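>>> Okay, here's the prediction I keep looking at, along with the sequence it came from:
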Amino acid sequence: MNTKPLSWTPRRRGDIYCAPACGGGCTHAAFLKAHADAKRLCKRLGPGWEADVYENLGWHYSVHKGQCHVYRNGPGRYWASLETKHGQFHHHARTPKKAVDAIVKQCVEVAEAMLAVTRP
């Protein structure tokens, strides 16, 4: 039996903007809002941050700079994530800047602990 895989490319049908494989009835208005919210978050975090808008039973967004990603997890709740080949760092905070600052602090603490091994 040959079955054609469902497409993950969103299609516009009136107010609906949703991929057939999603089937969530995602709206074009939600798509536009996700882009606007992502753009605002990039601006809030400063130069170099880029937006990622994706569909998963609705339109969602995150922003990233290098390997650091920031997600909004509800009103006044942000989650920052940094994953490298040397470890993973994650933190929730009330602002995106505090979430990013917390994982940077974690990385510095790990680096200092590693460097302490090399000191006489």
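Sure, I can see it.
>>> Can you mark which positions in the longest helix along the chain are buried?
The single longest helix within the chain, with elements called by DSSP state H, is helix 96-118. Across helix 96-118, burial judged by 16 or more other CB atoms under 10 Å covers 96, 99-100, 102-103, 106-107. Any C-beta I mention is one placed from the backbone N, CA and C, and that applies to glycine too.
>>> How about stretch 47-65?
49, 51, 53, 55, 59-65.
>>> JSON lines please, covering those and showing pLDDT.
Compiled in JSON lines, those are given as follows (pLDDT from 0 to 100):
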{"residue": "W49", "pLDDT": "98"}
{"residue": "A51", "pLDDT": "98"}
{"residue": "V53", "pLDDT": "97"}
{"residue": "E55", "pLDDT": "95"}
{"residue": "W59", "pLDDT": "97"}
{"residue": "H60", "pLDDT": "96"}
{"residue": "Y61", "pLDDT": "97"}
{"residue": "S62", "pLDDT": "98"}
{"residue": "V63", "pLDDT": "98"}
{"residue": "H64", "pLDDT": "98"}
{"residue": "K65", "pLDDT": "97"}
